[in-house]
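Undergrad: Compute the structure for the input listed below.
(one chain, ligands or ions: 1)
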Amino acid sequence: MIVLVVNCGSSSIKYQLYEMPEKKVMAKGLAEKVGESGSMLTHRRGDEKFELTQNIPNHKVGIELILSCLTSPEMGVLSNVKEISAVGHRVVHGGESYSDAMRIDQDVMTCIEECSDLAPLHNPPNLIGINECRAALPGVPMVAVFDTAFHQTLPRAAYLYPLPYEAYEKYRIRKYGFHGTSHAYITHRAAAILGKPVDQVNLVTCHLGNGCSMAAVRGGKSVDTTMGFTPLAGLMMGTRCGDIDPAIIPYLLSKPEYANKVAEIDKMMNKKSGLLGISGVSNDMRDLGDDAAKSGPDSRSKLAIDMFCYRVKHYVGAYMAILGRVDAICFMGGIGENGADVRAECLSNMENFGVLVDTEKNKTLRGKEGDISTDGSKIKILVIPTDEEGFIAEETYNLCK
Ligand code: AMP
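TA: Numbering: from 1, shown residues only. The predicted structure is shown next:
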């Protein structure tokens, strides 16, 4: 069975074609700057890479171009689009309606539309992607895999904010959590590595990339997570601030420079903060590592790295306390999979909690699966490359096979 996975952003379309159940990647690619000048499509088939610089004025043209690449005699892997049996869509927000992937019908479409208010940058392009795929592949089942779904098991005490209860009832203000496909995939992989049934594993999962989030997983289910009502909450990220005192916002608004500039403050917190905001150098952890090595321990790059690790450690401690028993702490995402120094720092001085990083194993493990804890560590420390697309393909296959 051939499954196409589509991740439609406001100006991009990421895609990956799978042969299931083997989860073999047949082709993949990315259409960028859709609806903007300089649009292009990068298509990959095995080790071959094809770059198509051409006008992609909208998502409809983008989807058609992707399908034509997949069936092209020079670049393709299919003889006809009819070979595609199902399409899995990444959908950012499913609100409180869905705790699992769903076959897309009118009810699901309505829910995604209703959640657009909660995710105005993401759900509308997700909907466009679904509609364009439906038009291009009539009759082919479509599945929505929600970024929020895995965290729908949070208990009320964890997902409510201590605002007046009406804020939840009237405006749906609560913690939703994101990166759910990544935390769910890692939970399944970690259970397999630990040789335990999924419903018996307790984990602290750390997705550290440009966006960062952590989850506390009890019995295979998310019971707390760092992102909140939006993906701005929780950890310090590439350009996002994560948790700050909410009173900072009205305080800034009271200053002449920011009077009535809510959008400016929003941009500051989302695009100009985090690693970039503190270092003034870059949002990229590799750049900060290089700059800190060059500029020394008093540099702002070093400070940004220290703050990043401090906040991860803060939540590791919090989630260990919430879970009581932890089988493994898992690292994924670009920094989690590759950043040995960051991993070591996040878990430093935790011997008394049964967390011991093996320095050698940690140093040598990059971008692949492995255990970096010492033999004496009570809690395993796993590095697991995340695979959100593969997880979406699996969910889609399971619903459509
Ligand atoms: P992602 O959003 O998951 O692609 O992750 C992007 C982040 O991973 C960026 O901050 C990169 O600097 C970081 N990253 C990638 N490779 C490394 C590495 N070798 N060491 C540290 N950070 C890395």
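Undergrad: wait, isn't L67 in contact with E132?
TA: No. The pair L67 / E132 is not scored as a contact, 10.0 Å apart, by Cβ atoms under 8 Å. C-beta here means a position set from N, CA and C on the backbone, and glycine is covered the same way.
Undergrad: Mind naming the longest helix for the chain?
TA: Assignment by DSSP state H gives helix 300-323 as the longest helix of the chain.
Undergrad: can you tell if that one touches the ligand?
TA: No. Using Cβ under 6 Å from any ligand atom, helix 300-323 never reaches the ligand; the gap is at least 9.6 Å.
Undergrad: The helix or strand just after that helix near the ligand at all?
TA: Using DSSP states H and E, the helix or strand that follows helix 300-323 in sequence is strand 328-332. No. Interface with the ligand: strand 328-332 contributes nothing (Cβ under 6 Å from any ligand atom), its closest point being 8.0 Å away.
Undergrad: Can you list the helices and strands that the next helix or strand after strand 328-332 packs against?
TA: Using DSSP H and E, the helix or strand that follows strand 328-332 in sequence is helix 333-338. Here helix 333-338 touches strand 203-208, helix 340-346, going by 3 or more Cβ pairs under 8 Å, 6 or more residues apart in numbering; DSSP states H and E.
Undergrad: now those in CSV, with mean neighbour count?
TA: Listed next are the helices and strands packed on helix 333-338 as CSV, based on neighbours: other Cβ atoms under 10 Å:
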stretch, mean neighbour count
strand 203-208, 28
helix 340-346, 20
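Undergrad: Write out the residues of the stretch 1-150 of the chain neighbouring the ligand.
TA: Close to the ligand, as judged by Cβ under 6 Å from any ligand atom, the stretch 1-150 of the chain has no residues.
Undergrad: residue of the stretch 1-150 of the chain with the smallest distance to the ligand?
TA: Distances between the stretch 1-150 of the chain and the ligand by Cβ to the nearest ligand atom are smallest at K14, namely 12.2 Å.
Undergrad: Looks like that residue contacts E32 (just checking).
TA: No. Contact criterion Cβ under 8 Å: K14 and E32 do not qualify, at 9.4 Å.
Undergrad: Contact partners for C241?
TA: Neighbour list for C241: L232, M269, S273, G274, G277 [criterion: Cβ atoms under 8 Å, 6 or more residues apart in numbering].
Undergrad: Next up, the contacts around the residue nearest in space to the middle of the chain.
TA: Nearest to the geometric centre of the chain sits H179, at 3.5 Å (Cα atoms, centre = their mean). H179 sits next to D147, H207, G211, S213, A215, M227, P231 when contact means Cβ under 8 Å, 6+ apart.
Undergrad: so how far is the ligand from it?
TA: For H179, the distance to the ligand equals 10 Å [Cβ to the nearest ligand atom, to the nearest Å].
Undergrad: Then E351?
TA: 24 Å.
Undergrad: Give me the distance between that residue and V316.
TA: Remark: distance between E351 and V316 (Cβ to Cβ, to the nearest Å) = 14 Å.
Undergrad: If you count surrounding residues, which of the two has more?
TA: Counting neighbours by other Cβ atoms under 10 Å for E351 and for V316 shows that V316 has the greater number, 22 against 14.
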